[in-house]
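In: just coords:
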């Protein structure tokens, strides 16, 4: 707040710009357009806005705190991402404020607004999408940001992601070798980058191995367990039911497993099930679950490394990590024509 009671929100509203843009103009940040600078400057003069010197000093001081916003803390994959990021931050003398978006855009926005007001030095985020504008406001404010696991189309932000194609191609090759021709896919939300990437990779891999990606064998969930169950129930109700299911994340795979067992089917004999994202207990299922694996710890560590470079004024290149298929099939050779 200014010493005369006029706030930066008042200036932003009068100038017709976002709060972040007003903040950048008034702090002298160079990444603002001439038009925005003119409108904000004129609005500040008209309102008599004078920044509080003490507040300005506080904003310019490093807090050695970073915000970390993951998609769903209940998902073991994102729990591993968060743990690795937190430990990497501690090694660099930063503490972490952890937020849970709960796969919800509105909840994401609430945390991003809080990170901005809490003056964190930077943010690692697994984005749900653009949201209602809070992500753009955070970027406009000049806050250092790194995307982890997911990206947002049109936003030029350093990211740490994985390439779904190698692991998924190996998984389809494995299923084809086991005689499967009716392979179903449970995809994630198409509004999220990983949902789109894994769906696209599936559509590419199937014909590459002489298989058809039949429309009736593709269903979508929301990266949560219940949606995996619902999608699998729909797929198993198809007249010529699939003999293999591939789920685009671990929680939907768990939901699909529940549906398979409710139908009295046996994994490995009646139907095969493969999950994206490994967990520490998948090898101990009976039978163990084969997976398309990538390293959540590496995602968390790389994301913090990139963020610290952005905080230091660098513009690092994004990092793309590999995926691989982990075959836990106990008895090979089952034919599924």
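Out: That came through, no problem. Keep in mind the model is a prediction, meaning the values are calculated, not measured.

In: What helix or strand is the closest residue in space to residue 191 that isn't next to it in sequence located in?
Out: Nearest residue to residue 191 in three dimensions, chain neighbours excluded: residue 129, at 5.5 Å (C-beta to C-beta, 6 or more residues apart in numbering). Using the backbone N, CA and C atoms, a C-beta is placed for each residue, glycine as well. Using DSSP states H and E, residue 129 sits within no helix or strand.

In: okay, residue 129: pLDDT?
Out: What the model reports for residue 129 is a pLDDT of 78.

In: Let me know whether it touches residue 105 as I believe.
Out: Yes - with contacts counted by C-beta atoms under 8 Å, residue 129 reaches residue 105, the gap being 5.8 Å.

In: Tell me where this protein has helices.
Out: 8-15, 19-26, 34-47, 53-59, 76-91, 105-117, 134-140, 164-177, 193-208, 225-236, 250-262, 296-311 (DSSP state H).

In: And for the first one, what's in contact with it?
Out: Judged by C-beta atoms under 8 Å, 6 or more residues apart in numbering, the contacts made with helix 8-15 from elsewhere in the structure are 2, 18-19, 21-23, 26, 36, 39-40, 42-44, 46-47, 49, 51.

In: Filter these down to the buried ones and hand me the ChimeraX line.
Out: In ChimeraX, a selection of the buried entries from the contacts of helix 8-15 looks like this (16 or more other C-beta atoms under 10 Å):
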select :2,18,19,21,22,23,26,36,39,40,43,44,47,49,51
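
In: Identify the residue spatially nearest to residue 234, adjacent ones excluded.
Out: residue 219 (5.3 Å).

In: Name whatever forms a beta bridge with that neighbour.
Out: Note on residue 219: beta-bridge partners by DSSP bridges are residue 186.

In: What's the local residue count around residue 149?
Out: 26 (other C-beta atoms under 10 Å).

In: average pLDDT for stretch 71-79?
Out: For stretch 71-79, the per-residue pLDDT averages 93.

In: From the opening residue of it to its closing one, how far?
Out: End-to-end distance for stretch 71-79, by C-alpha to C-alpha, to the nearest Å: 10 Å.

In: list the buried ones in it?
Out: Buried, per 16+ other C-beta under 10 Å, within stretch 71-79: 71, 72, 75, 76, 77, 78.

In: Redo those as JSON lines? Include distance to residue 232.
Out: Output for the buried residues of stretch 71-79, formatted as JSON lines (distance: C-beta to C-beta, whole Å):
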{"residue": "71", "distance to residue 232": "21"}
{"residue": "72", "distance to residue 232": "19"}
{"residue": "75", "distance to residue 232": "18"}
{"residue": "76", "distance to residue 232": "20"}
{"residue": "77", "distance to residue 232": "19"}
{"residue": "78", "distance to residue 232": "22"}
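
In: which of those residues lies closest to residue 281?
Out: Lowest distance from residue 281 to the buried residues of stretch 71-79 (C-beta to C-beta) belongs to residue 76, with 8.3 Å.

In: ok, that closest one - contacts?
Out: By C-beta under 8 Å, 6+ apart, the neighbours of residue 76 are 250, 277, 279, 280.

In: Next, count neighbours for residue 230.
Out: What residue 230 shows, counting by other C-beta under 10 Å, is a neighbour count of 19.

In: And it, how far from residue 73?
Out: To residue 73, residue 230 is 23 Å away according to C-beta to C-beta, to the nearest Å.

In: With residue 61 instead?
Out: 30 Å.

In: same thing with residue 318?
Out: Counting by C-beta to C-beta, the gap from residue 318 to residue 73 is 25 Å.

In: Same question for residue 48.
Out: 45 Å.

In: and what of residue 189?
Out: Taken as C-beta to C-beta, the span from residue 189 to residue 73 is 18 Å.

In: Then residue 311?
Out: Taken as C-beta to C-beta, the span from residue 311 to residue 73 is 24 Å.
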